[in-house]
Structure formats: C-alpha cells, structure tokens
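> okay, here's the prediction I keep looking at, along with the sequence it came from:
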Amino acid sequence: MLNQNQLRRLEASSRWLREIQDSAQFKQLEYYPDVTLGDAMQAVGELLQEHDYCNDKPFLRNATRSQKLSDSGV
C-alpha cells in the first residue's frame, strides 16, 4: 500500500505530466518516444485508482500481496 508521501508524489507527477503534455512548447516538439506522456499518465492514474480500490476494501488493507492478487482475479 502506498503511503501519503508516495500518493502526493504520484498526484504531483500526474499534474506535471498533464501540464507538459498540454503546453505549447511540447506540442511543437517532433518527438515520438516508445512510451508517451499519455502512457505515463495512464500508469500513474492506474496506480492511484488501485490505491483507492484497496482503501475501499477493509479486508485488503492488511492482506498479503498474493491474497490481493487472488481477490482481484489475477
């Protein structure tokens, strides 16, 4: 489970990635990486959603990783 500092950093990263992607300077670049800013924003968003999901499930807060995986169907 993520601690509060990690959550704040992920949320800040999400904001910064969106600001970069929306900036006029970034739109002028002719840069086509294998992993895009959109991919990074999706990954950060999924981490934050997973954390929210785990916080909504009280029995998962203290569960082991394998218990969480078996509950999620993985």
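Nice, thanks for sending it over.
> please count neighbours and contacts with C-alpha atoms only from this point.
Will do.
> which ones are touching the closest residue to Gln21 other than its chain neighbours?
Sequence neighbours aside, Leu37 is the residue nearest to Gln21 in space, at 6.7 Å (criterion: C-alpha to C-alpha, 6 or more residues apart in numbering). By C-alpha atoms under 8 Å, 6 or more residues apart in numbering, the contact set of Leu37 is 17-18, 21.
> quick one: Leu37 from Lys27, how far?
12 Å (C-alpha to C-alpha, to the nearest Å).
> list residues touching both of those two?
Residues touching both Leu37 and Lys27 (C-alpha under 8 Å, 6+ apart): Gln21.
> who touches the residue most central in space within the chain in this structure?
Among the residues of the chain, the one closest to the centroid is Val44, at 1.8 Å (C-alpha atoms, centre = their mean). Residues counted as contacts of Val44 (C-alpha under 8 Å, 6+ apart) are 10-11, 13-14.
> cool, thanks, signing off.
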